[in-house]
Each structure stands twice: as C-alpha cells, then as structure tokens.
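Asker: sequence first, predicted model second:
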Amino acid sequence: MAMSRFTCFMVLSVAFVLSGCGHSQTSRIALVSFGDLEGKAIPDNPDGPLRQGVTTSGAGGAKYYLSDAVREALKDTEYDTLVNVEVTAETGLLVWSNTLAVRGTALNSKKLEQSGGPK
C-alpha cells in the first residue's frame, strides 16, 4: 500500500519537529560575580562547591540572560561569585525551548582576602 505524498510529508514534518534540529554551544568564562571583588585576590584553585543553574527563554519571548542562570545557581546560598564557569547555550526548533545553563565553583566574595598589590 503506497503512502500519499501528503501523508509522507506529514510524517516527515512531525519527525523533524520532534527531533528538534537544535544546536548546543559551550563556552568557558573565568568569573561571574554579584559581589564586591575590588581589591580581592581570587584563589588559583578555589575549593567551593560546584553549583549550576539554568534559565529558559519561556513562552512568548526569545530572551534569556546569563545573569538569571547565575542567580539560579547561587539562589539560597551564601555565595555570590562563580569561577571557572562553563556556559552552555542550547537552541531548539521552538524559541521557548532555548536554554542557557551555567556550572562553576561558588565563592563568597566577603571571605576573600585583599590582594597585596599596589595601593
């Protein structure tokens, strides 16, 4: 039994939509902070916990922000800074399926030592 062109088109269209045809890109950022880092020394090997956060563009909008993902990662903690951050942006066929995820080592800027540089 042969499929009609329309049926074949519909099956391929549904398969295309469900598979996504998305794209993923990962980047590295050294530091993202909401704290006061002026004059502070960032440790070479931070020992804070690994935190992660995600933000989505949501229905009706094509915008998502790095700051929202970082706030999500640091929410309900004493930390205000992420170092050695991995940022992953994923796009999908539908705009509201776009996501931005961050993952990095958390630090509290209030507990960092002052640097010994020139004053």
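Answerer: Noted; the coordinates are in hand. Just so it is clear, the structure is predicted and the values come from calculations on it, not from any experiment.
Asker: for S97, the count of nearby residues, please.
Answerer: By other CB atoms under 10 Å, 14 other residues sit near S97. Yep, even glycine has a C-beta here, placed from its N, CA and C like the rest.
Asker: that one reaches G22, doesn't it?
Answerer: Yes. With contact defined as CB atoms under 8 Å, S97 and G22 form a contacting pair (7.4 Å).
Asker: joint contacts of these two?
Answerer: T91 (CB atoms under 8 Å, 6 or more residues apart in numbering).
Asker: helices along this protein, start to end?
Answerer: 5-19, 66-74 (DSSP state H).
Asker: what helices or strands is the shortest one leaning on?
Answerer: Counting contacts by 3 or more CB pairs under 8 Å, 6 or more residues apart in numbering; DSSP states H and E, helix 66-74 packs against strand 50-56, strand 81-91, strand 99-107.
Asker: relative orientation of that helix and strand 50-56 in degrees?
Answerer: Here helix 66-74 runs at 130 degrees with respect to strand 50-56, directions being taken by axes from the mean of the first three to the mean of the last three CA atoms, to 10 degrees.
Asker: what comes up buried for helix 66-74?
Answerer: L66, D68, A69, V70, E72, A73, L74 (16 or more other CB atoms under 10 Å).
Asker: that older thread, which of the helices of the chain sits closest to T81?
Answerer: Between T81 and the helices of the chain, the shortest gap by CB to CB is with helix 66-74, which sits at 8.1 Å.
Asker: and that closest one, C-alpha only, in CSV?
Answerer: These are the backbone C-alpha positions of helix 66-74, laid out as CSV (Å, rounded to 0.1, in the frame of the first residue of the first chain):
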residue,chain,number,x,y,z
LEU,A,66,23.3,34.8,31.8
SER,A,67,22.6,36.7,35.0
ASP,A,68,19.4,34.8,35.5
ALA,A,69,21.2,31.4,35.2
VAL,A,70,23.9,32.6,37.7
ARG,A,71,21.2,33.9,40.1
GLU,A,72,19.6,30.4,39.9
ALA,A,73,22.9,28.7,40.6
LEU,A,74,23.6,30.9,43.7
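Asker: tell me which residues are up against that helix.
Answerer: Looking at what lies outside helix 66-74 - CB under 8 Å, 6+ apart - the contacts are 32, 34, 51-55, 80, 82, 85, 87, 100-104, 106.
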